[in-house]
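Asker: test case, fold it:
(one chain, ligands or ions: 1)
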Amino acid sequence: MDIGIIGSGRMGGVLGTLWARQGHRVCFSYSRDLARLERLAVAVGGNARSGTPQEAAQFGEVVLLAVPWALALGVITQVAPLVAGKALLTCVIPWNEDRSGLAVGTDRSAAEEISRHLPSARIAEVLGALPDSLGWINGGRQRPAMFYCGYDPQAKAVAAQLIEDLNAEPIDAGCLHVARYLEPAAALLQHLAVGQGYGPEIGLQLVRPVD
Ligand SMILES: NC(=O)c1ccc[n+]([C@@H]2O[C@H](COP(=O)([O-])OP(=O)(O)OC[C@H]3O[C@@H](n4cnc5c(N)ncnc54)[C@H](OP(=O)(O)O)[C@@H]3O)[C@@H](O)[C@H]2O)c1
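Answerer: Residues are numbered from 1 along each chain as shown. Reported below is the predicted structural model:
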């Protein structure tokens, strides 16, 4: 797949790198330092390039949005016509400015707000694995769960495939309004990693009875 990455920091950088290693083509975008994007693309190799958010949105048949919440609605406004009809995957957690809480929730979510601003795109949320957890599981024994939700079956199918390609376990969490629960759960995981000292490589698993 051709994947446009809008927001190429810890989350977008790692996901894009892993997808490129799986044979997808990625375009990294959105930084205050364009040289950093170029260095990232060069380090990833032949399947990666860098560009503006508009170029990434144009390039991708699927687009990942991985920017801080405070910037999310601004950047999607810039690319709205270019993502019409495309799957747009968001992993945005709506932290407030000082990260003391979530700016939206629990009767709405960042994913739903993004969908409201981009009614012509096919929105799905993908959340539940920290970027560093994806690094170690690729060579390891366990794989963390990554949850996805959305209204559009095609976007959800793309999300599930791309989660598989991260070697994480895709878990269908339901419709887009489930993002109201998913975003706080992802915030909990980040709190455990940083605030409680469990470290950035932790992940979640869905444990269920086996037959
Ligand atoms: N990190 C995690 O564990 C994790 C897990 C799940 C979800 N998330 C969510 O994923 C999203 C991205 O998180 P992240 O940890 O990847 O963040 P990050 O490392 O800070 O990356 C943010 C991206 O936005 C760019 N950016 C920031 N401010 C900008 C500005 N004013 N103008 C242009 N570009 C700007 C950064 O580029 P430069 O810094 O190069 O300017 C970078 O490409 C957030 O919504 C976060 O809540 C993160």
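Asker: residues of this structure that sit close to the ligand?
Answerer: Neighbours of the ligand within the chain, by Cβ under 6 Å from any ligand atom: 7-12, 30-33, 36, 66-69, 71, 91-93, 95, 127, 130-131, 186, 190. In short, each C-beta sits where N, CA and C put it, glycine included.
Asker: for this structure, just list every one of the helices.
Answerer: 10-21, 34-44, 53-59, 69-79, 110-117, 131-137, 153-164, 179-194 (DSSP state H).
Asker: ok, residue 63 touching residue 84?
Answerer: No - the criterion here is Cβ atoms under 8 Å, and residue 63 misses it with residue 84 at 11.0 Å.
Asker: anything in contact with each of these two?
Answerer: residue 121 (Cβ atoms under 8 Å, 6 or more residues apart in numbering).
Asker: so which residue is smack in the middle of the chain?
Answerer: residue 91 (3.4 Å; Cα atoms, centre = their mean).
Asker: looking at residue 63 and residue 84, which one has more neighbours?
Answerer: Neighbour count, other Cβ atoms under 10 Å: between residue 63 and residue 84, residue 63 has more, with 28 against 14.
Asker: which residue, other than its chain neighbours, is closest to the more buried one?
Answerer: Nearest residue to residue 63, sequence neighbours excluded (Cβ to Cβ, 6 or more residues apart in numbering): residue 4, at 4.4 Å.
Asker: burial check on the one you found, number of neighbours?
Answerer: For residue 4, using other Cβ under 10 Å, the count is 29.
Asker: roughly how far does it sit from the ligand?
Answerer: Distance, residue 4 to the ligand, by Cβ to the nearest ligand atom, to the nearest Å: 13 Å.
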